[in-house]
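> Build me a structure from this.
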Amino acid sequence: MNSNDNVTAIILAAGKGNRMKGINKMLLPFKNDPLIHHTMSVFHNCRLIQSIILVVSQDLYKNAVQIFPNTIWHKITDITIGGERRQDSVKNGLSKSKNPKWVIIHDGARPFINESIIEKGLLAAKTTGSAVAAVPVTDTIKKVDGKNVLNTIPRDNLWSIQTPQIFKYEIIKKAYEQINNDVTDDASLVEQLGNQVNVFMGSYNNIKLTTKDDINTAKYFFENDIR
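I've put the predicted structure just below:
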């Protein structure tokens, strides 16, 4: 993968944050900058990425425009409003892209991404046109009905899926044009097309801030420069 492959990153920051109980996690301050600033910095500094589209919620839009002035953040080609569902936000982001060769989709609430993961992902996607970051499951997984354990699921082939998720533009565009089922990640739509999706090793540090408990973990990571 080289710097001429025309890669666009779509960063998602349009979630409602219900599990944060009213806190807009994208604006949480860490090291004097809001959370979304840290995520965006990694992509803006990555030599393999030519353009970035930031998808935000309506109430975050004005803040985002102030945080990311185009005089400094020259790779940001668009800041756009997201949709009702995560996949609607991705679709909005895709509509603003300018026919790139590759699209990287990443959660704005995963600030501990690093350039090495991005590079590994682009290489992994070359084989089939689709690849997702993931880590092997370490906990014991049980299937439960109510409070009753039905069975223990062997974890040998279980991976916890993260972002970034990386696709050839034609593949992810087709997936969003043809499939409208509710999904929790972009790869699910590509899988429903019948396409193979590769998995590449992400990082156990590549956490997503979802609940208030995650804030303390993130503080520790930032204070100790963990990625």
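> in stretch 30-46, what counts as buried?
Using 16 or more other CB atoms under 10 Å as the burial criterion, the residues of stretch 30-46 that qualify are 30, 34, 35, 36, 37, 38, 39, 40, 42, 43, 44, 46. Using the backbone N, CA and C atoms, a C-beta is placed for each residue, glycine as well.
> correct me, but the fourth one touches residue 73?
Translated: residue 36. No: in this structure residue 36 lies outside contact range of residue 73 using CB atoms under 8 Å: 11.6 Å.
> that's a helix at residue 37, yeah?
Yes: secondary structure of residue 37 (DSSP: H, G, I helix; E, B strand; the rest coil): part of a helix.
> quick one: contacts for the closest residue to it other than its chain neighbours?
Spatial nearest neighbour of residue 37, excluding adjacent residues (CB to CB, 6 or more residues apart in numbering): residue 67 at 6.0 Å. With contact set as CB atoms under 8 Å, 6 or more residues apart in numbering, residue 67 has these partners: 34, 36, 37.
> same thing with residue 128?
195, 196, 197, 198.
> show me where pLDDT drops low in the chain?
Along the chain, the model assigns pLDDT under 70 to residues 1-4, 17-19, 21-22.
> Report the central residue of it.
Centroid-nearest residue in the chain: residue 106, 1.8 Å away (criterion: CA atoms, centre = their mean).
> in the chain, which spans are helices?
For the chain, helices defined by DSSP state H occupy the ranges 35-45, 61-67, 86-95, 115-128, 169-178, 186-192, 212-223.
> Export the ones you listed as JSON lines, with columns for distance to residue 160.
Listed next are these as JSON lines, based on distance: least, CB to CB, whole Å:
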{"stretch": "helix 35-45", "distance to residue 160": "19"}
{"stretch": "helix 61-67", "distance to residue 160": "29"}
{"stretch": "helix 86-95", "distance to residue 160": "17"}
{"stretch": "helix 115-128", "distance to residue 160": "14"}
{"stretch": "helix 169-178", "distance to residue 160": "21"}
{"stretch": "helix 186-192", "distance to residue 160": "13"}
{"stretch": "helix 212-223", "distance to residue 160": "15"}
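> Show me the one of those helices that comes nearest residue 143.
Closest to residue 143 of the helices of the chain is helix 186-192 (CB to CB; 19.9 Å).
> Check the offset of that closest one from the chain's centre.
Its chain's average C-alpha position is 14 Å from that of helix 186-192, according to CA atoms, centre = their mean, to the nearest Å.
> Can I get that helix in PDB, CA atoms only?
Listed next in PDB are the C-alpha coordinates belonging to helix 186-192 (Å, rounded to 0.1, in the frame of the first residue of the first chain):
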ATOM      1  CA  ASP A 186     -20.300  -2.100   8.200                       C
ATOM      2  CA  ALA A 187     -18.800  -5.600   7.500                       C
ATOM      3  CA  SER A 188     -22.200  -7.200   8.200                       C
ATOM      4  CA  LEU A 189     -23.600  -5.400   5.200                       C
ATOM      5  CA  VAL A 190     -20.700  -6.600   3.000                       C
ATOM      6  CA  GLU A 191     -21.100 -10.100   4.400                       C
ATOM      7  CA  GLN A 192     -24.800 -10.000   3.300                       C
END
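> Alright, I will stop here.
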